[in-house]
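[1] what's the 3D shape of this:
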Amino acid sequence: MPLLRFEEFTAQPRRAAALHAKLGTVPGGRMFGLWRAQIGPSMNRVTRASLWPGEAPPTPEAEDPDVVHVNTRMLDILTRGETPPDPARGGIVTHRWFILPPQHVAEMVAITTEAWTGFEGDTGSEPLGLWQDRAESEPAHVLLMTWYPSLAHWEQSRFWNSAAAGPDQARRAKWGALFARRRAMLLDTWVTVHGTEA
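    Coordinates of the predicted model:
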């Protein structure tokens, strides 16, 4: 099963667009996604994810003059995780990190995948996968990436947002309860929102 290399590039001020244009290939690997931050990270952040058949080589662009710093993580696939989003669809991709005791990871994955059964149809979203950071084991660091048609769709998918409930989200009670169970086992979580341009 391939590994995900997840790289967060901090660009020189006002150089994120130029850096983004240079990061579109990963020789030896397969591109999963390349994003500029919309909500959460610095406007100077560019994030790239790529799939590798084994350990990936060091990031060659780390020495680019537009790069201040690169944070690289290698992650194992827990579920899905091999089919990248299609940039032609537009929309947004959220990157959510879950921090939790390692003994709860399998249960968290099971709860999440069960919730997706109704969540996808009710929200128009596409969960892209769950991955676990190889270097962060105590506590575990798990990444979830999800595609949404728009920021409004993402806002309507928050399980605690009762204003979003209605006939278009007929299975909301079930997936909402599952996501609440998932949240109860976490030590921490945060989300960032990214554009899908490639």
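[2] wait, residue 185 sits on residue 103?
    No - using C-beta atoms under 8 Å, residue 185 is not in contact with residue 103, being 9.8 Å away. The way it works is simple: take the backbone N, C-alpha and C, and place the C-beta from them, glycine included.
[3] what about the two, which has more around it?
    Neighbour count, other C-beta atoms under 10 Å: between residue 185 and residue 103, residue 185 has more, with 15 against 9.
[4] Next up, the contacts around that one.
    100-101, 104, 107-108 (C-beta atoms under 8 Å, 6 or more residues apart in numbering).
[5] ditto for residue 59
    Residue 59 neighbours (C-beta under 8 Å, 6+ apart): 7, 70, 72.
[6] Nearest to residue 114 among those?
    residue 7 (31.0 Å; C-beta to C-beta).
[7] Give me the neighbour count for the closest one.
    20.
[8] Which secondary structure state does it sit in?
    strand (DSSP: H, G, I helix; E, B strand; the rest coil).
[9] again, but for the one 3 residues further on
    With three-state DSSP as the basis, the three-state label of residue 10 is strand.
[10] doesn't residue 130 fall inside a helix?
    No - counting by three-state DSSP, residue 130 is not part of a helix but strand.
[11] phi, psi of residue 111?
    phi -60, psi -40 (degrees, to the nearest 10).
[12] For it, give me the pLDDT.
    pLDDT, residue 111: 98.
[13] do you know how far it is from residue 130?
    11 Å (C-beta to C-beta, to the nearest Å).
[14] re the thing from before, compile the contacts of residue 185 into TSV and extend it with columns for neighbour count and distance to residue 158.
    Below are the contacts of residue 185 laid out as TSV (neighbours: other C-beta atoms under 10 Å; distance: C-beta to C-beta, whole Å):
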residue	neighbour count	distance to residue 158
100	19	20
101	13	24
104	19	22
107	13	22
108	22	18
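[15] Kindly list the single helix or strand of the protein that scores lowest on mean pLDDT.
    Across the helices and strands of the chain, mean confidence by mean pLDDT, DSSP states H and E is lowest for helix 151-156: a mean of 89.
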